[in-house]
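Engineer: Curious how this folds, go ahead:
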Amino acid sequence: RSRVGRLRVYWGDQVFIPTVEIDYVPTNHVDILCSLGPMMTAEEWKANEKMTGLMHPIKCDLSVAADMQNMFEWIRTKFGRIDLCVCNAGLNGTGDLMDMSIEDMQKLCNVNIVSYNYCTQQSVKLMLEMNVDDGQILMINSDSGHIPSPPPFRYYSATKFAVTNLVESWRQEVHIPNHK
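Structural biologist: Okay, the predicted model is just below:
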């Protein structure tokens, strides 16, 4: 099936994702980049010969529910579909478990766990609604989700262990015949 006009959505580290995934999906697509950090401009996108298609950089704080809800409403209204969702959000908090503030702990959980699940949930729902039978979800994690980290990254590591569980749970839950 042609990939022309397909919609790829990237969450998280916008610099890392296209270099990992760019050769995986053919060209002539539409990309939405959602990032916590500095945004790649359209000019920077076009300057890289590997980056093809149309790019829509969107600033979205993945620790804020309303930002994510607005993002998906915009995607639904403007494009009506998602073909590939790449989840790569990760906030690397540091601090001893005894000293971390509740605000820091909550932000790490919101970005590293809640945003992964919400973005995956909304992407899968949209794929199913639009009968996208070859849609894909790519969930990128950290080694810290498999091997406990030393101080001061223990809380971060705990959130990444949760992502490891989410990946397996989503794999089981969306195991629907003829759906990937």
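Engineer: In the lengthiest helix in the chain, which residues are buried?
Structural biologist: For the chain, the helix reaching the highest residue count under DSSP state H is reported as helix 154-173. Buried residues in helix 154-173, counted by 16 or more other Cβ atoms under 10 Å: 154-163, 166-167, 170. Quick note: C-beta positions are derived from backbone N, CA and C, even for glycine.
Engineer: Same check on stretch 59-74?
Structural biologist: Residues of stretch 59-74 classed as buried by neighbour count (16+ other Cβ under 10 Å): C60, D61, L62, S63, M68, M71, F72.
Engineer: how about the strands of this structure, start to end?
Structural biologist: Along the chain, counting by DSSP state E, strands occupy 6-12, 29-35, 54-59, 84-88, 136-139.
Engineer: Show me where the protein has its helices.
Structural biologist: Using DSSP H, helices in the chain cover 16-21, 42-47, 65-78, 102-109, 115-129, 154-173.
Engineer: Out of those, which is closest to G145?
Structural biologist: helix 154-173 (3.4 Å; Cβ to Cβ).
Engineer: Please list the residues outside that closest one that contact it.
Structural biologist: The contact list for helix 154-173 (Cβ atoms under 8 Å, 6 or more residues apart in numbering) reads 90-97, 100, 105, 108-109, 112-113, 116-117, 120, 124, 137, 139, 141-142, 144-149.
Engineer: Swap in 10 Å and give it another go.
Structural biologist: 87, 89-97, 100, 104-105, 108-114, 116-117, 120-121, 124, 137, 139-150, 153 (Cβ atoms under 10 Å, 6 or more residues apart in numbering).
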